[in-house]
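J.: Fold the following, please.
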Amino acid sequence: MKKIFTLTYFTLVLFGGAFAQERQRSPERVPQQGTATNQQAPKEEAPTRSTNIASRTIVTESAVVTNHTVAINGKTVPYKATAGTLPVWDEEGKPIAGLFYTYYERTDIQNKDSRPLVISFNGGPGSASVWMHIAYTGPVVLNIDDEGYPIQPYGYKDNSTSILDIADIVYIDPVNTGYSRAVNKDIPTNKFFGVKADIKYLAEWINTFVTRTNRWASPKYLIGESYGTTRVSGLALELQSNHWMYLNGVILVSPTELGIERGTVMNAALRLPYYAATAWYHKALPADLQGKKLIDMLPEVERFTIDELIPAMAKGGFLAIDEKKKIAVKMARFSGISEKVILQNNLDVSTNLFWKELLRDKGFTVGRLDSRYRGIDRADAGERPDYNAELTSWLHSFTPAINMYLRNALNYKTDLKYNMFGSVYPWDRTGDNTGENLRTAMAQNPYLHVLVQSGYYDGACDYFNAKYNLWQMDPSGKLKDRMTWEGYESGHMMYLRKPDLALGNEHIRAFIKKSLPTSNQSAKF
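T.: Below you'll find the predicted structure:
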């Protein structure tokens, strides 16, 4: 990533107070051109202005602009990065929070009217948008090995697969994540922390951002990961209904259940294909299954789940004993869990028990968000792992990289702590109809398409439940031609595996191109 020059401006609003000020900072020199990794902060030379404020109070409006280049698929792409904050307004037009964002614009595009804008969120719901920012779609990617494990020295490098060649991108940190904060502790948390509140205030913020950056004419896309899929599914309808902002696409990375009801039987049965994928990865399946490719083995498990397991489990305690044993034998074959354990749990093996049981005899647990990862517990006994093996591994590499990148490469300097995860509790989960929100938005907007991306080894938002979402979201079947599902041999953040980083971004590129209407194409059925 070549950094060409830095231009900054700064406006400070302390705790919603009326006064604002601009602050001069010490001069700095423009760094020499070169790839930005774990570079040192710039030294002093020429005057400039910046956000270098020795304070942990929120800045509701700020911006630091830097210019760079990155090679994507062998072609040089010049771009401008804006790191800053914009306010969240209350009903009286007063700022109640400042949201931190990072906005990337390709600078050799003259007409932005036809240039797609991708608006990106992660999940949690208390997670910053760091994950897809510096590991998936953005212009830099953190230093990890080809399977996603941490390596030292920590840092980042150019992302040659970024989607910045085809679309501008803004990454947004909701309140209490990243550098985003409420202006003071007196602001009621129910303004932000809940399914409906989250969607409402973020839609207002997006309206402000799109207006200030003059992107109303641009084709717009929302991308969310994990809880971010709940967020963007709800935002699709909120933006359309209350801000008259119509989207071209919604991308769901490792989606949640989107408020679509499962019930006890479905919750238990739909896990099995994920169990099979994980057992296959750890070579815990019978030889005939283990000898197949993953994508060739899974359809057999999926058919069994739909055609046999769900009907059997629906009978509950009235399922005949011999039939129950036959089902348990097949479940054991597909899951790597013994028939005895399956019967002891009445065919309903929880995810916690699976993560603990699969490699128990080898002294390991498997990860929740990415079951390729192995953990070590204090004792092999028990019904759940002591910790999530994958998450602690990821925090190794992400936390240093984002702090280094924002300060050194994007020149955004603040004493606020960058919250990888922030407190957003209590979170009001009532009224989650986001799957139906997305269906309604699609039904009302012929331009709107949906792409779902799932990792086969994701145990938190598993791939088969993601398929089930699509099946149940539109019972009419009239929208399915605008829905696409893609699977990857990785976990929750499938892009951490190098082949899936390239493949996932290529799928997004293809999706954007497919969902852009031709010139003067009418929005009608």
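
J.: ok, now which ones touch the closest residue to A389 other than its chain neighbours?
T.: Spatially, and ignoring its direct neighbours in sequence, A389 is nearest to G375 (3.2 Å; CB to CB, 6 or more residues apart in numbering). (Each C-beta comes from the backbone N, C-alpha and C, glycine too.) Residues near G375 by CB atoms under 8 Å, 6 or more residues apart in numbering: F364, T365, V366, G367, P385, D386, Y387, N388, A389.

J.: So for G375, what's the pLDDT?
T.: Per-residue pLDDT puts G375 at 93.

J.: beta partners for it?
T.: T365 (DSSP bridges).

J.: Number of residues surrounding A135?
T.: Here the count is done by other CB atoms under 10 Å, and A135 has 24 residues near it.

J.: shouldn't it be in contact with V141?
T.: Yes. Using CB atoms under 8 Å, A135 is in contact with V141, at 5.9 Å.

J.: give me the low-pLDDT residue ranges for the stretch 151-300 of the chain?
T.: Applying pLDDT under 70 to the stretch 151-300 of the chain flags no residue at all.

J.: Check which residues of stretch 322-336 are buried.
T.: Neighbour counts over stretch 322-336 (16 or more other CB atoms under 10 Å) mark K324, I327, A328, K330, M331, A332, R333, F334, S335, G336 as buried.

J.: Against which helices or strands is the helix or strand hosting the fourth one packed?
T.: Take DSSP states H and E as the rule and K330 turns out to sit in helix 321-335. When contacts are defined as 3 or more CB pairs under 8 Å, 6 or more residues apart in numbering; DSSP states H and E, helix 321-335 sits against helix 272-281, helix 294-304, helix 310-314, helix 339-344.

J.: on that earlier part again, can you tell me how far the residue nearest to A389 is from D361?
T.: 15 Å (CB to CB, to the nearest Å).

J.: ok, F464 to I310 distance?
T.: Distance of F464 to I310, computed by CB to CB: 12 Å.

J.: I meant to write E225 there.
T.: Relative to I310, and taking CB to CB, E225 is found at 28 Å.

J.: Those two - which one has more neighbours?
T.: Neighbour count, other CB under 10 Å: between E225 and I310, E225 has more, with 30 against 16.

J.: May I ask you to confirm that the more buried one belongs to a strand?
T.: Yes. Using DSSP: H, G, I helix; E, B strand; the rest coil, the secondary structure at E225 is a strand.

J.: Is it bridged to anything, and to what?
T.: V253.

J.: Test my guess that it contacts V232.
T.: No. In this structure, E225 is not within contact of V232 by CB under 8 Å, at 9.3 Å.

J.: For the two, list the residues in contact with both.
T.: Contact criterion CB under 8 Å, 6+ apart; residues shared by E225 and V232: F121.

J.: related to what we said a few turns ago, can you say which of the helices and strands packed on helix 321-335 is packed in most?
T.: For the helices and strands packed on helix 321-335, the largest average neighbour count (mean count of other CB atoms under 10 Å) is found in helix 272-281, namely a mean of 25.

J.: overlap in contacts of A135 and V141?
T.: L501.

J.: Provide a list of residues in contact with K191.
T.: Residues counted as contacts of K191 (CB under 8 Å, 6+ apart) are D90, I96, A97, A182, A197, Y201.

J.: For these, give me CSV that also has neighbour count, distance to E257 and secondary structure.
T.: Formatted as CSV, the contacts of K191 follow (neighbours: other CB atoms under 10 Å; distance: CB to CB, whole Å; DSSP: H, G, I helix; E, B strand; the rest coil):
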residue, neighbour count, distance to E257, secondary structure
D90, 15, 32, coil
I96, 22, 30, strand
A97, 26, 28, strand
A182, 22, 29, strand
A197, 18, 20, helix
Y201, 20, 23, helix
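
J.: Including distance to D428, could those residues go into TSV?
T.: Shown next, in TSV, are these (distance: CB to CB, whole Å):
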residue	distance to D428
D90	18
I96	17
A97	17
A182	16
A197	7
Y201	13
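
J.: Just want the most central residue of this protein.
T.: The centroid of the chain falls nearest to E225 when counting by CA atoms, centre = their mean (2.4 Å).

J.: measure that residue to L239 for me?
T.: E225 is 19 Å from L239, by CB to CB.

J.: Could you list the residues in contact with stretch 469-483?
T.: Taking contacts as CB under 8 Å, 6+ apart, the residues outside stretch 469-483 that touch it are 255, 257-258, 260, 435-436, 438-439, 442-443, 448-450, 452, 485.

J.: Tell me if I'm right that S397 and I134 touch.
T.: No. The pair S397 / I134 is not scored as a contact, 9.5 Å apart, by CB under 8 Å.

J.: gap between the two ends of stretch 335-349?
T.: Stretch 335-349 has its terminal residues 10 Å apart, counting by CA to CA, to the nearest Å.

J.: swap in stretch 221-234?
T.: By CA to CA, one end of stretch 221-234 lies 13 Å from the other end.

J.: Likewise for stretch 84-103?
T.: Its first and final residues considered, stretch 84-103 spans 9 Å by CA to CA.

J.: Distance from the chain centre to it, please.
T.: Offset of stretch 84-103 from its chain centre (CA atoms, centre = their mean, to the nearest Å): 22 Å.

J.: Could you do stretch 118-128 as well?
T.: Here the centre of stretch 118-128 is set off from its chain's centre by 6 Å, with CA atoms, centre = their mean.
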